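Visitor: Quick check, what structure comes out for this input:
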Amino acid sequence: MGEAIKGSFYQYLQGLKDSGYGIVYIYQLDKKVKDQNRRKRQRIQDEINSRRQRGRFDVRRPIHPGTSRLNDQSLPVKTEPRLLGRVALSATMSSFIWISIWGFNTFLLPLIRYYAQNLLPGSPAVETVEKTRKVWENTEFVLQFIFSSLWVLPLYIISKIVNGFWFVDVSNSVYQLYHGRPRAFPTVGKMIADFIYGLVIETVFLLQAMLVKHIPVMQELTYIMFCIHHSLLYALYAFEYKWFNMGLDVRLRIQMVETHWPYFCGFGTPLFVLTSVTYSFYPTVISACVFSILFPFFIISATKAGTPRETPAVRLRIFELSMSLCNTLFKTSVKARNNAEADNNSQYYLSNQQQR
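Guide: This is a model prediction of the structure:
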């Protein structure tokens with residue numbers, strides 16, 4: 001028992017250490033990706049020169065799939081996007097949302113309130129002051145709603161979509177550097193189904209974490225379980241990019257997290273702590289912005305890191321409930337759709353019989 005606890009603690013510390021790899025080595029990774037692309041172009045150039053020397057060079061025959069003709073000018077010049085550039089762009093967009101919210105609440109709202117109080121007529125009586133306060137509370141609520149609906153929400157949605165593409169670029173660059181060409185799913189349909197199924201499981205698991213926090217039994221224990229839920233979920237977010245490139249379906253990805261749960265709990269702890277501290281002082285959108293700024297570094301760390309070989313004594317089946325609910329949901333929806341199709345077919349058959 002003592003050895004099992006000691007091993008789990010060591011795996012937790014290893015996850016903590018591996019989570020910081022992206023922040024420390026992002027500059028080196030950028031240089032390695034650049035060197036890899038340069039060596040690739042050099043190999044193609046050497047092959048061109050070799051064919052020329054042998055007298056078998058055909059400009060109509062492509063050597064590289066990304067080129068239509070082969071000559072000195074047709075070498076593939078496509079390079080992977082710089083990791084640091086993608087991370088900087090993601091951080092800039094998220095910081096812009098953060099600064100806009102801060103500027104609205106710190107400067108614009110107090111300025112509007114100042115002018116509104118000076119322009120409103122009336123004496124400084126208690127009734128007038130109370131009325132002015134109520135009017136301003138309603139006005140502030142309307143202004144906050146308009147600002148959130150017309151500025152923050154659209155900008156936040158756009159940033160999530162754009163950041164998603166940038167995160168994929170970062171993950172693919174690091175994966176090709178350390179693991180080679182990604183493995184594709186057998187079919188596009190299976191890939192889409194796996195993505196949707198995983199997204200539903202993660203959403204249900206997030207709701208499960210929220211419910212665990214509000215269980216009225218030993219608040220310390222429920223909060224620890226809440227932290228474990230979020231740490232494992234954040235680790236799953238980061239490692240999914242790597243596992244998706246490896247061709248692992250969602251069941252295998254969740255099995256990996258449940259089997260090596262101390263390691264993944266340690267890996268996701270820093271991101272959970274930083275976003276939780278931000279959420280304690282700022283709105284949810286600000287916490288999401290902090291998540292978007294830090295998440296690319298954890299993607300790099302997850303793509304570079306390797307899962308420990310030692311397996312803990314106990315597998316934490318923490319996703320079991322969410323997966324069961326999702327399976328029931330999908331089976332019910334499929335059954336309802338099949339019943340509806342059967343009813344339509346039977347009605348069509350009866351109508352044809354009546355016409356005959």
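
Visitor: how about Pro216, phi and psi?
Guide: Reported as degrees, to the nearest 10, the phi and psi values for Pro216 are phi -80, psi 50.

Visitor: For this structure, which segments are assigned as helices?
Guide: Taking DSSP state H as the criterion, the chain carries its helices at 2-19, 21-54, 83-103, 109-119, 126-147, 153-178, 188-213, 219-245, 250-259, 261-281, 284-304, 320-355.

Visitor: Name the residues of the third one that are buried.
Guide: Buried residues in helix 83-103, counted by 16 or more other C-beta atoms under 10 Å: Leu83, Arg86, Val87, Leu89, Ser90, Ala91, Met93, Ser94, Ile97, Trp98, Ser100, Ile101. Bear in mind the C-beta positions are built from the backbone N, C-alpha and C, glycine included.

Visitor: Would you point out the most distant pair within the residues you listed?
Guide: Comparing every pair within the buried residues of helix 83-103 by C-beta to C-beta identifies Leu83 and Ile101 as the most remote, at 27.8 Å.

Visitor: Number of residues surrounding Ser322?
Guide: For Ser322, the tally of surrounding residues (other C-beta atoms under 10 Å) stands at 20.

Visitor: That one and Gln208 touch, don't they?
Guide: Yes. Using C-beta atoms under 8 Å, Ser322 is in contact with Gln208, at 5.5 Å.

Visitor: returning to what we had before: so which of the helices of the chain gets nearest Thr311?
Guide: Across the helices of the chain, closest to Thr311 is helix 250-259 (C-beta to C-beta), at 6.1 Å.

Visitor: So for Val314, which of the helices of the chain sits nearest?
Guide: For these, the distance to Val314 is smallest for helix 2-19, at 7.5 Å, taking C-beta to C-beta.

Visitor: by contact count, what packs against the closest one?
Guide: In terms of contacts (3 or more C-beta pairs under 8 Å, 6 or more residues apart in numbering; DSSP states H and E), helix 2-19 is packed against helix 261-281, helix 284-304.

Visitor: Return the member of those helices having the minimum mean pLDDT.
Guide: The stretch with the lowest mean pLDDT among those is helix 284-304, at a mean of 84.

Visitor: quick check: angle from it to helix 2-19?
Guide: Using axes from the mean of the first three to the mean of the last three C-alpha atoms, to 10 degrees, one finds that helix 284-304 and helix 2-19 are set 100 degrees apart in direction.

Visitor: Quick check: buried residues in helix 284-304?
Guide: Within helix 284-304, the residues that qualify as buried are 285-304, counting by 16+ other C-beta under 10 Å.

Visitor: Next: stretch 321-332.
Guide: Ser322, Met323, Leu325, Cys326.

Visitor: now, the most widely separated pair of these?
Guide: Most distant of the buried residues of stretch 321-332, by C-beta to C-beta, are Met323 and Leu325, 7.4 Å apart.

Visitor: show me the contacts for the closest residue to Ile215 other than its chain neighbours.
Guide: Nearest residue to Ile215 in three dimensions, chain neighbours excluded: Thr222, at 4.9 Å (C-beta to C-beta, 6 or more residues apart in numbering). Thr222 is in contact with Val212, Lys213, His214, Ile215, counting by C-beta atoms under 8 Å, 6 or more residues apart in numbering.

Visitor: Which of these are buried, as a ChimeraX select command?
Guide: Buried members of those, defined by 16+ other C-beta under 10 Å, are picked up in ChimeraX with:
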select :212
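
Visitor: which residues of the stretch 1-150 of the chain score low on pLDDT?
Guide: 1, 55-82, 117, 119-133 (pLDDT under 70).
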